[in-house]
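Undergrad: Turn this into a model:
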Amino acid sequence: MDHGPVARAFTHPDGTYRFARWGRPIVPVVFGVEDATLPVIKGAVEAVVALAGHRMSDRDPELGANLFVFFVRDWEELASLPDLDRLVPDLPALLERLEKEEANRYRLFRFDDAGAIRAVFLFLRMDPALAEVPAEDIALSETVQAILLWSDDAFDGKGPLASVSGKVMLRPDVAAIVRAAYDPAMPVASTDPSHALRLAARIGKRGAVASST
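TA: Here you go, the predicted structure:
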């Protein structure tokens, strides 16, 4: 992979380069789905974490969990969840903005002192468009977008998934970036554009691919 696409993946709309990966084991918790859907979401998280060569755990020492996934029918449902306003800054203002924009998904990242990802909150409003997407596809797409701090527009016009012979998988270029980003020799966070050169150097001609099934 050329350096250009790698740099664009972490260059934000304001022109700054900002990269971060998880610095601690990932502990997911899911709200708002039926029990039968939980293994689907867990499987997607496990697949992406395995691709990255990272780790999962049963408990985060600070928050209990650190990858929070909320499925709601309406954004107002989040306002009634106990203690969520303590975890999400300015929750009322955020919900008002999401309602106004008619958004159906939102990600909030929190970082530790080293700049590594400390926690991610994934909010998904199951509007008619999102309700038509298979649960395994949503889970895989959202997990890969939470495994790194990508640019806000990294997947505009072209999502992180691809269909190969009727099977949904991560795009090979996306999978290759994820695997390279978790190379132990790479930093957990960087704002230096030269970081993209180091990432590109670690990406081979064939990227690993994680499947949603």
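Undergrad: what about the chain, any weak spots by pLDDT?
TA: 1, 204-213 (pLDDT under 70).
Undergrad: ranges for the helices of it?
TA: Per DSSP state H, the chain has helices spanning 3-10, 38-52, 84-87, 91-101, 128-131, 135-146, 172-181, 194-202. These are given in chain order.
Undergrad: Distance to P160 for these - can I get that in a markdown table?
TA: In this view, the C-beta of every residue, glycine as well, is placed from N, C-alpha and C. Converted to a markdown table, those look like this (distance: least, Cβ to Cβ, whole Å):
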| stretch | distance to P160 |
| --- | --- |
| helix 3-10 | 10 |
| helix 38-52 | 10 |
| helix 84-87 | 26 |
| helix 91-101 | 22 |
| helix 128-131 | 16 |
| helix 135-146 | 5 |
| helix 172-181 | 5 |
| helix 194-202 | 16 |
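Undergrad: E96 is in contact with L78, correct?
TA: No: when contacts are counted by Cβ atoms under 8 Å, L78 is not listed as touching E96 (11.4 Å).
Undergrad: Who has more neighbours out of these two?
TA: Taking neighbours as other Cβ atoms under 10 Å, L78 and E96 compare with L78 leading, 23 against 14.
Undergrad: What is the longest strand seen in the chain packed up against?
TA: The residue-count maximum for a strand in the chain (DSSP state E) belongs to strand 117-125. Where contact means 3 or more Cβ pairs under 8 Å, 6 or more residues apart in numbering; DSSP states H and E, strand 117-125 is packed against strand 67-72, strand 105-111, helix 135-146.
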